[in-house]
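>>> what's the 3D shape of this:
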Amino acid sequence: MLKNIYKQLNFGETKKNFSFLQKFLIFSIIISSIIVIIETENAIYLKNKNFFEYSKYIFGFIFTTEYLLRVLTCGYSKKYQGLVGRIKYIFSFWTLIDLLAILPLFISGVNETFLLRLFRLIRLFSLIRIGRYSNALKNVLDAISDRKQELIFAIAISSTVLLISSTFMYLLEAEHQPEAFGSIIRSTWWAAAALTTVGYGDVYPITALGKVFAVISAFSSIGIVALPAGILAGSFTEKFKKKK
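Below is the predicted model:
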């Protein structure tokens, strides 16, 4: 039974398509991340506090169960056999991401401080976990008719950068500028303007750390946000070469 669970949890063990369990986990990661983002808007949170609390425990139970099953079944991989292999698996990158994603479930009774917001937002690490399922990069150089996955992947990267920028700016500036950065949703306006190099200037960081992160975000956006355009340009170039 455990061996079958291991195959269901790990992409490519049985077939190329995602298993039902993998699809369910990806869906759960996306939905829980959306809920966390909406939850940071205090007006919405106060009106639907019970919903957000129940959601936290439901998704926490799902991801905790997944984490335990992954640790229990990791021995079916040759790389993680034995006690040493299991310890190695527990401290591997994606397993630590899994742990960070469920950590806020077990942290309660803390006042609403910067630290609490940080732990609540750690649940956004669930979104990063989708990376373990990604298989789009191998087709980047294919013809334009096969570029659908690559475009989706590129857009996902840009969206992730946008989300990370919004989250960090919320953490760094919320206390100083609650109107502009009081939630991840509000911070998204600044992130979208900064990452697309538009920079309207109506909203900007005022803290030292906020300004440093804004510079880092601006530099990272030059290449990352342009990915979809680059893939399309490459596809058209390849298509025209084949015609000639």
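
>>> sketch out the low-pLDDT regions of this protein for me.
For the chain, the stretches with pLDDT under 70 are 11-17, 107-146, 197-199, 201, 223, 225, 236, 239-244.

>>> on the C-terminal side of the helix or strand containing residue 159, identify the next helix or strand.
If you go by DSSP states H and E, residue 159 is part of helix 148-173. Following helix 148-173 in sequence order, the next helix or strand is helix 178-181 (DSSP H and E).

>>> okay, that next one in CSV with CA atoms only?
Extracted in CSV, the C-alpha atoms of helix 178-181 (Å, rounded to 0.1, in the frame of the first residue of the first chain):
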residue,chain,number,x,y,z
PRO,A,178,-1.2,50.6,5.6
GLU,A,179,-3.2,52.3,2.8
ALA,A,180,-0.8,51.4,0.1
PHE,A,181,0.8,48.2,1.4
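
>>> mind checking what helix or strand follows it in sequence?
Next along the chain after helix 178-181, taking DSSP H and E as the criterion, comes helix 184-195.

>>> what angle do the helix or strand just after that following helix and helix 184-195 make?
Remark: after helix 184-195, the chain's next helix or strand is helix 208-224, criterion DSSP H and E. Here the directions of helix 208-224 and helix 184-195 differ by 60 degrees (axes from the mean of the first three to the mean of the last three Cα atoms, to 10 degrees).

>>> how about helix 208-224: buried residues?
210, 213, 214, 217, 221, 224 (16 or more other Cβ atoms under 10 Å). Bear in mind the C-beta positions are built from the backbone N, C-alpha and C, glycine included.

>>> cool, and stretch 177-193?
Neighbour-count burial for stretch 177-193 [16+ other Cβ under 10 Å]: 177, 180, 181, 182, 183, 184, 186, 187, 188, 190, 191, 193.

>>> from residue 221, how far out is the last one?
According to Cβ to Cβ, to the nearest Å, residue 193 and residue 221 sit 10 Å apart.

>>> appreciated, that's everything.
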